[in-house]
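A.B. asks: Show me how the following folds:
(one chain, ligands or ions: 1)
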Amino acid sequence: MLAIEDLRTPLIGPVSLAVERGQISALLGPSGSGKSLILRAIVDLDPNEGTVTLDVQERASMPAPEWRRRVALVPAESGWWADRVCDHFDAESELAGLLEAVELPEALDWYVARLSSGERHRLAIVRALANRPDALLLDEPTATLDEHATGLVEALIRDQCERGVAVLLVTHDEAQPARLSAGRHRVERGRLVSLPGVAL
Ligand SMILES: Nc1ncnc2c1ncn2[C@@H]1O[C@H](COP(=O)(O)OP(=O)(O)OP(=O)(O)O)[C@@H](O)[C@H]1O
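C.D. replies: Predicted coordinates for the structure are as follows:
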């Protein structure tokens with residue numbers, strides 16, 4: 001379980017929520033309400049207070065790189081630092097299945113500069129999954145994708161869920177949580193507010 005208790009920064013919180021392994025939770029809410037900042041605080045990219053725990057292990061007990069491998073964030077805009085796609089992966093990574101799943105089996109040989117925004121985003125998700133995280137934080141994972149590619153990414157998210165990964169995603173697509181059988185939380189002014197019929 002990914003458990004977040006009293007997470008706060010100067011701009012968000014306190015935020016508390018828990019995502020069981022094998023479950024998906026979605027953060028919805030207006031632009032600028034703090035959804036991305038919540039994901040960034042969970043992986044400790046911005047100074048924050050509060051307790052974040054994966055299963056029984058507290059974030060504070062782990063070196064940051066190890067925490068960010070186990071709790072992987074795919075931001076809305078991915079960063080690429082080398083010319084070719086393959087330079088962003090460990091040579092030993094088992095990628096064939098993941099690349100097939102996003103219908104980009106040849107992409108390792110491509111130059112990053114030629115990628116479309118949707119290809120870039122699908123490959124950023126593959127990059128996070130290649131490290132076999134225990135929890136996956138996805139910031140608008142399908143915002144740049146057409147209907148077909150959205151279906152591919154949603155299938156990949158469901159597959160991760162079936163493998164026992166805890167998934168927390170941000171979306172503006174109000175129908176997406178239902179397609180993913182995900183729990184829903186609404187963010188307003190940096191805090192979670194209750195949705196009708198949904199307990200916080
Ligand atoms: N480093 C920063 N310094 C000051 N304000 C910031 C900083 N980063 C983000 N903000 C502000 O915090 C608020 C929340 O930002 P955040 O990116 O979390 O919104 P969001 O809910 O993800 O929005 P969207 O749906 O548009 O992506 C915004 O008003 C943003 O301008």
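
A.B. asks: Only C-alpha atoms from now on, for both contacts and neighbour counts.
C.D. replies: Will do.

A.B. asks: Just say helix, strand or coil for the nearest residue to residue 46 once chain neighbours are set aside.
C.D. replies: Spatial nearest neighbour of residue 46, chain neighbours left out: residue 40 (6.3 Å); criterion: Cα to Cα, 6 or more residues apart in numbering. The local conformation at residue 40, judged by DSSP: H, G, I helix; E, B strand; the rest coil, is helix.

A.B. asks: Which pLDDT value belongs to residue 40?
C.D. replies: At residue 40, the predicted lDDT confidence score is 98.

A.B. asks: cool, and residue 144?
C.D. replies: On the pLDDT scale, residue 144 is placed at 89.

A.B. asks: I'd assumed residue 87 was in a strand, is it?
C.D. replies: No. Using three-state DSSP, the assignment for residue 87 is helix, not a strand.

A.B. asks: now the helices for this protein?
C.D. replies: Using DSSP state H, the helices assigned to the chain run over residues 35-42, 64-70, 96-101, 117-130, 147-162, 176-179.

A.B. asks: May I see the buried residues of the fifth one?
C.D. replies: So that's helix 147-162. Neighbour counts over helix 147-162 (16 or more other Cα atoms under 10 Å) mark 149-150, 152-154, 156-158, 160-161 as buried.

A.B. asks: now do the second one
C.D. replies: Buried residues in helix 64-70, defined by neighbour count with 16+ other Cα under 10 Å: 67-70.

A.B. asks: Provide the count of other residues in contact range of residue 45.
C.D. replies: Other residues lying near residue 45 total 12 when counted by other Cα atoms under 10 Å.

A.B. asks: quick one: contacts for it?
C.D. replies: Contacts for residue 45 (Cα atoms under 8 Å, 6 or more residues apart in numbering) come out as none.

A.B. asks: and if we set it to 10 Å?
C.D. replies: Residues in contact with residue 45 (Cα atoms under 10 Å, 6 or more residues apart in numbering) are 37, 39, 64, 68.

A.B. asks: Skipping adjacent residues, who's closest to residue 141 in space?
C.D. replies: Nearest in space to residue 141, with sequence neighbours left out and distances taken as Cα to Cα, 6+ apart, is residue 76 at 6.8 Å.

A.B. asks: For residue 118, see how far away that neighbour is.
C.D. replies: Using Cα to Cα, to the nearest Å, one gets 11 Å for the distance from residue 76 to residue 118.

A.B. asks: which neighbours do those two share?
C.D. replies: Residues touching both residue 76 and residue 118 (Cα under 10 Å, 6+ apart) are 124, 141-144.

A.B. asks: Count residues in the vicinity of residue 28, would you?
C.D. replies: Residue crowding around residue 28 was assessed by other Cα under 10 Å; the count is 22.

A.B. asks: do the one 3 residues further on as well
C.D. replies: When neighbours are defined as other Cα under 10 Å, residue 31 has 11 of them.
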